[in-house]
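Q: just to be clear, the model below is a prediction. Sequence and coordinates:
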There are 2 protein chains.
Amino acid sequence: MADGPTITTIAERAGVSIASVSRVLNGLPTRQETVRKVMAAAEELGYVRNAVARSLKSRRTHQVAFAMADVGNPAYLAMLRQIQPVLKSAGYRLVLHSTDAVVADEIDVLHSLGERYVDGLIMSPLRVTEQHLDMLAAARAPVVIIGSVPEGTPVDNVRADSRTGVKLAIDHLYRLGRRTIGMVNGPTDTVPGAARGAAYREALEDLGLPYDEELVEIGDFYRAEGGRAVAALLERRPDVDALMCANDLIALGALDVLRAAGRRVPHDVAVAGMDDTDLAAASWPSLTSVSLGSAERGKAAAELLVDRLKNGDREPRRVTVPPRLAVRASTTGEEPAPYQAPGAERGTP
Amino acid sequence: MADGPTITTIAERAGVSIASVSRVLNGLPTRQETVRKVMAAAEELGYVRNAVARSLKSRRTHQVAFAMADVGNPAYLAMLRQIQPVLKSAGYRLVLHSTDAVVADEIDVLHSLGERYVDGLIMSPLRVTEQHLDMLAAARAPVVIIGSVPEGTPVDNVRADSRTGVKLAIDHLYRLGRRTIGMVNGPTDTVPGAARGAAYREALEDLGLPYDEELVEIGDFYRAEGGRAVAALLERRPDVDALMCANDLIALGALDVLRAAGRRVPHDVAVAGMDDTDLAAASWPSLTSVSLGSAERGKAAAELLVDRLKNGDREPRRVTVPPRLAVRASTTGEEPAPYQAPGAERGTP
DNA sequence: AAAGAGACTGTAAACGTTTACTGCGTGTGC
DNA sequence: GCACACGCAGTAAACGTTTACAGTCTCTTT
């Protein structure tokens, strides 16, 4: 691991100046003879350009950061998977930040843009605080936010439409004849929690169904707690015939609890999730789920950032990705025969 | 996004030299009055250290790369999730490379270490070629390989023990009374495919069971093709009473096909997967699966690398992570009553 | 009161590139 | 045969830090 060769080493070896070496390496017009000598020397020495020195001079690092709460979350993972190839083919490396949904960590990331170790940032904050907005206005590098920011924030912005997404699912349940549709939500002080809760209410109103607080239960966004929330809801309203779950994990918890309670899915209770993760297709019964287009949002964000990095200043853009409903067995039970929900004879009391 | 302040700006503002500014910023002994002036100036100007210039001088980037085939693969994701916090708390940023299992891309990553944009690399190659070994010997930064490398390769190395892992599962199936145990494998020209295939054979021999080629089917490592492989195997050997699947996706495909064929799991056919991904717990019936300790391997790799970066030269180390069998319903069917496999009355012909 | 010690501070070089500028040599046009 | 243009190559500065070294100032000691 001895010190690698530099352009100085090459220059000496080839008997030319470092400027010539640099020019050859960058393909600037140079006499053939010089090119040959430099290339030969570089080859022999196994020279590789020092990216750090290069960045210092050129003021570009060819790195982009992606900051989200947790790679383990399938929605962020879906984004990441789309972001990566876009950046790679545009010649950027990807620096990954996990903020664990801690605001201070997100602010830290924004602050660290001042260190200039990346050319730009894609960030998907759980919620956008005043402090976020201040930092965004002062950001030292282009930022793309995945999520909603107020009108006029000077950053590119990619958003989902969870309102329409929830409506898609509720309409679907309504068309299937369900009229007592419960909602199992995560904390309503998070951006997605608040949006999905409000959307549920609106969707019901649009359909002329009454909004009934008894049909709403709040837990967190995970399977076990989601299951507990469903159990509480079932206890209170045994007549519920459909559940709108704020994400797929909650919906899996719902399936667990319904199964344990001997309720057939979808015969007795139809279940819809959100985010359309891998788990939705893998579960049994497979889960009808609203995709909020995480993958598309990731891709759009990466493309916006690359465009801005290449083309410099332009007006901030906003992209809204439409939701899509993936209909599966947990609402329609229309998969081939053996995929029907288990017969009722096996239920607990 | 005007040019940010540098130590020169601060020096002028505070009326001191850039050396003093640097010293204050690095906490070297300095007169109180100077500290005060510098800090005040830095504060007012919103100064942030330039990481690139710092790296150039100090020859450390405080970045580490992680290269694997595909973040979408749950095994790599599990590694990533453990690697990230270890690096973060040691003060390193994470650069993520997806190589799509293309050897040339992996070689590229090794080569790019010469650019010195990272202090070290964690790599999990699909297979290790001669070329890999050459590059590893010449690597310009410390590398930790997750996977097996020949004795004497000058890198730290973390490996799984898929041989023992397969054996755990086969022994488990045997103890449950299964004697006709099929294997659904991925391509045997991959490292995991070859290892798992051989381990299956050995495990049978250890138990005194005959090895029968008819009971082995090769597909790829994904759900649909895994299902097709299982269908072919079932056709050939309808008497099979257990399936060892080379990963969880194949096992999910097996569940699909068995269900469609009216075979009860685990009553008629017990199914075991490998990797113990999230999907294993989410599926129905939940999937018995061998964990090869991806998470632990990721953690160990990160710790080895951090140790080497802090402590410089030492002998290469090797860590082997033991496998663990996660027993679930697809083999024992012993979850609470409603978790039993669906009754047989609903099978197709 | 002079010398020496000690505490800070400033100057300048270095990290490895890129690039503006200058200079040299060749070939062309008159 | 001379001026000029032009194509290349070399010198040196710059990017923003860190740090070795030397210099200044103050305080203590004799």
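A: Looks like it came in fine.
Q: go ahead and confirm A:V306 touches A:I83.
A: No. Using C-beta atoms under 8 Å as the test, A:V306 is too far from A:I83 to be in contact (10.1 Å). Every residue, glycine included, has its C-beta placed from N, CA and C.
Q: out of those two, name the residue with the larger neighbour count.
A: A:I83 (30 against 21; other C-beta atoms under 10 Å in any protein chain shown).
Q: downstream neighbour of the helix or strand containing that one in the secondary structure list?
A: Using DSSP states H and E, the element containing A:I83 is helix A:74-89. Later in the chain than helix A:74-89, the nearest helix or strand by DSSP H and E is strand A:93-98.
Q: what's the helix or strand that that following strand is followed by packed up against?
A: Per DSSP H and E, the first helix or strand lying C-terminal to strand A:93-98 is helix A:103-112. If you count contacts as 3 or more C-beta pairs under 8 Å, 6 or more residues apart in numbering or on different chains; DSSP states H and E, helix A:103-112 packs onto strand A:63-68, strand A:120-123, helix A:130-137.
Q: let's see that with 10 Å instead.
A: Helix A:103-112 is packed against strand A:63-68, strand A:93-98, strand A:120-123, helix A:130-137, with contacts defined by 3 or more C-beta pairs under 10 Å, 6 or more residues apart in numbering or on different chains; DSSP states H and E.
Q: so what's A:T288 up against?
A: A:169, A:172-173, A:176, A:251, A:266, A:270-273, A:276, A:280, A:325-333 (C-beta atoms under 10 Å, 6 or more residues apart in numbering or on different chains).
Q: for PyMOL, what selects the buried ones among the residues you listed?
A: Filtering these down to the buried ones (16 or more other C-beta atoms under 10 Å in any protein chain shown) takes a single PyMOL command:
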select buried, chain A and resi 169+172+173+176+251+266+270+271+272+273+276+280+325+327+328+329+330+331+333
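Q: quick check: longest helix of chain A.
A: Ranked by number of residues, the top helix in chain A under DSSP state H is helix A:294-311.
Q: now the helix or strand just after it: buried residues?
A: Remark: after helix A:294-311, the chain's next helix or strand is strand A:318-321, criterion DSSP H and E. When burial is assessed from 16+ other C-beta under 10 Å, strand A:318-321 yields the following buried residues: A:R318, A:V319, A:V321.
Q: now do stretch A:151-166
A: By 16+ other C-beta under 10 Å, the buried positions in stretch A:151-166 come out as A:T153, A:V155, A:D156, A:N157, A:V158, A:R159, A:A160, A:D161, A:S162, A:R163, A:G165, A:V166.
Q: pretty sure the first one sits against A:R317.
A: When you say that, I think you mean A:T153. No. Assessed by C-beta atoms under 10 Å, A:T153 is found out of contact with A:R317, at 12.0 Å.
Q: closest one to DNA strand D among the helices and strands packed on helix A:103-112?
A: Across the helices and strands packed on helix A:103-112, DNA strand D has its closest neighbour in strand A:63-68 (16.2 Å, C-beta to the nearest atom of the strand).
Q: could you list the paired strands of the closest one along with their orientation?
A: Here strand A:63-68 is paired, per DSSP bridges, with strand A:93-98 (parallel), strand A:120-123 (parallel).
Q: so which of those strands is the most packed in?
A: Comparing the strands paired with strand A:63-68 by mean neighbour count (mean count of other C-beta atoms under 10 Å in any protein chain shown), strand A:120-123 comes out on top with a mean of 25.
Q: now that strand, how far from the centre of its chain.
A: 12 Å (C-alpha atoms, centre = their mean, to the nearest Å).
Q: could you do stretch A:37-57 as well?
A: 37 Å.
Q: same question for stretch A:5-19.
A: Chain-centre distance of stretch A:5-19: 46 Å, with C-alpha atoms, centre = their mean.
Q: excluding sequence neighbours, find me the nearest residue to A:V271.
A: Once flanking residues are discounted, A:V271 sits nearest to A:S330: 4.4 Å by C-beta to C-beta, 6 or more residues apart in numbering or on different chains.
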